[in-house]
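K.L.:
got a predicted model here, sequence first, then my questions.
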Amino acid sequence: VLDALDSYSWVHFACHGSHHPTLGMKNALELYDGPLELGDIASKRLSSARFAFLSACHAAAGLKDVPGEAMHLAAGLQFAGFPSVIATMWSISDDDAATVVEHTYKYLFRNGLQALDPSEAATALNRAILHLREDPGVTVDRWAPFIHFGI
C-alpha cells in the first residue's frame, strides 16, 4: 500500500486506525498485512496526490502530552503531499462512517468523475454531516469526530 500511494491521486482508507498517545509516529492504519505507520507515510513525497479520505478511528487524534501538535495520520498524508484530507478525531461507528462516506462522495461525484475537485471536500463533508444530523438519534459525539484538513 505504501508503494501504491505513488500511483494514485485520490485514496480512501476504510480500516481500523491505531493511536499511540505518546509516540505519534507509531500512529497507524491497520491493514490486512500489518500497520501502515505515520512515520512511513510522512516520509513519502507524492507529487500527484490530491485527496485522501481516512475512514478510520483516531486518524486525526493528537498526542496526549502535546495536544496542539498535528502529529496524526491526516497530517502525515498532508505532509506527504495530499492537500485535502478527511479524517476522524476519535472512534466512529461503522454505520455513521458509511453514511458520511456515501454523502461526501455523492456530492463530490455530482458532476461526474472528470469534474472531481478536492477543494470541494470540506463542503462535501459538511453536507454529509448535515445529512447525518437529520437523524434525531445521532448525538454530537457521533457527528463531531469527522474533520477536514487542507484546501
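P.N.:
Yes, it's here.

K.L.:
in the lengthiest helix in the chain, what counts as buried?
P.N.:
Longest among the helix segments of the chain by residue count, using DSSP state H, is helix 94-108. Applying a neighbour-count criterion of 16 or more other CB atoms under 10 Å, the buried positions in helix 94-108 are 96-97, 99-101, 103-104, 107-108. Every C-beta, even on glycine, is put in place using the N, C-alpha and C of the backbone.

K.L.:
likewise for stretch 44-53?
P.N.:
44, 46, 49-53.

K.L.:
what do you get for stretch 133-145?
P.N.:
Within stretch 133-145, the residues that qualify as buried by neighbour count (16+ other CB under 10 Å) are 138, 142-143, 145.

K.L.:
quick one: furthest residue from the center of the chain?
P.N.:
Residue distances from the centre of the chain (CA atoms, centre = their mean) peak at P136, which lies 25.2 Å from the mean C-alpha position.

K.L.:
hang on, T123 in a helix?
P.N.:
Yes: the secondary structure assignment for T123 places it in a helix, going by DSSP: H, G, I helix; E, B strand; the rest coil.

K.L.:
doesn't G81 make contact with G150?
P.N.:
No: G150 sits out of contact with G81 when judged by CB atoms under 8 Å, with a separation of 10.8 Å.

K.L.:
which residues does the closest residue in space to S9 that isn't next to it in sequence contact?
P.N.:
In space, not counting the residues next to it along the chain, S9 is nearest to R50; the distance is 4.2 Å by CB to CB, 6 or more residues apart in numbering. By CB atoms under 8 Å, 6 or more residues apart in numbering, the residues touching R50 are 9-10, 82-84, 118.

K.L.:
let's see 10 Å
P.N.:
For R50, the set of contacting residues under the criterion of CB atoms under 10 Å, 6 or more residues apart in numbering consists of 8-11, 81-84, 116-119, 121, 151.
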